[in-house]
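1. give me the fold of what follows.
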Amino acid sequence: MKKLNILNKFLIITTVVLVVLFIFKIVVYKKWDRYYYTSSVSNPEEFPIHIFGIWFVKENDKYGGNFYKDIDKINAFYSDWGAGEYYEAYEPEPLPLSLFVEYMDFRTKHYYLDTIALPKEKMLDIFKDAKNNGYLRKLSSGKRKMGLEFHVGIANEGNIIFWLAGDKYEKEFHRSQLFPKPIPDKIASSAQIEVTRDKEEFASALFSEIPDSTKLNMLQQDISNLQYKDSIPVYFKYLRR
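-> Just a heads-up that it's a prediction; the model follows:
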């Protein structure tokens, strides 16, 4: 009988521990606060840049956002305002808290570095609106995973615009203007890149692999009246105010 009581106590304690762990997992994972989404970035063709790093910052300082294909295109001067490479969404994720971005402007040689806080309530409202009105987009080729696509637009003069896009649905939800900073001794997002040479030479060297004819053509363009922070990408056909 004594052994039976000990066994019962052990089973009860084990059950309680498992229940606590299960509840803890649910609370920490927050399935109700996760969404399917993908991400991309672009900049205007007339205002080429070199991106050192860009990613979303999420809970517990986790990074996210699949931008690397876009970075390759942008750094090769092949970007197109509003166009980006989207990926499949694999798991629902918490919405990003902020965006880290570090880049240099080709025309001005201005260096930008910042972490931009994002408005969670606005993003939640957009996801809710898209879900309630059938604007979510299928983000996977297999299992039906419905969500939205983040697009980050890096315009001229440090202007950053954020959109969410779905099925016949686009919505701007945030914008911010960054201001140039002195070129540092080390690039924040690429610790292996040291600015050991003259800062101006370093800035020029970033674009050394771009054909001279391409760079010359860029510099000969008349950009006096171009301001992309107020320009709707031609790919956005259903932008909502």
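2. verify the stated contact: residue 127 with residue 34.
-> No - assessed by C-beta atoms under 8 Å, residue 127 is found out of contact with residue 34, at 10.6 Å. Where you see a C-beta, it was placed from the backbone N, CA and C, and this is true even at glycine.
3. so between those two, which is more surrounded?
-> Neighbour tally, residue 127 and residue 34, criterion other C-beta atoms under 10 Å: the higher count belongs to residue 127, 20 against 13.
4. let me know the secondary structure of that one.
-> For residue 127, the secondary-structure state derived from DSSP: H, G, I helix; E, B strand; the rest coil is helix.
5. what's the distance between stretch 233-241 and the middle of its chain?
-> The chain centroid and the centroid of stretch 233-241 are separated by 19 Å under C-alpha atoms, centre = their mean, to the nearest Å.
6. and it, what's buried?
-> Of the residues in stretch 233-241, 233, 236 count as buried by neighbour count, 16 or more other C-beta atoms under 10 Å.
7. run through who's touching that stretch.
-> With contact meaning C-beta atoms under 8 Å, 6 or more residues apart in numbering, stretch 233-241 is reached by 42, 81-83, 153, 163, 165, 168-172, 232.
8. quick one: low-confidence residue ranges for this structure.
-> Residues of the chain that meet the criterion pLDDT under 70 lie in 1-33, 61.
9. picking up where we left off before, now, which of the contacts of stretch 233-241 lie within helices?
-> Per DSSP state H, helices hold no members of the contacts of stretch 233-241.
10. make JSON lines out of those residues and add neighbour count.
-> Compiled in JSON lines, these are given as follows (neighbours: other C-beta atoms under 10 Å):
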{"residue": "42", "neighbour count": "22"}
{"residue": "81", "neighbour count": "20"}
{"residue": "82", "neighbour count": "23"}
{"residue": "83", "neighbour count": "15"}
{"residue": "153", "neighbour count": "24"}
{"residue": "163", "neighbour count": "22"}
{"residue": "165", "neighbour count": "25"}
{"residue": "168", "neighbour count": "10"}
{"residue": "169", "neighbour count": "20"}
{"residue": "170", "neighbour count": "21"}
{"residue": "171", "neighbour count": "22"}
{"residue": "172", "neighbour count": "18"}
{"residue": "232", "neighbour count": "15"}
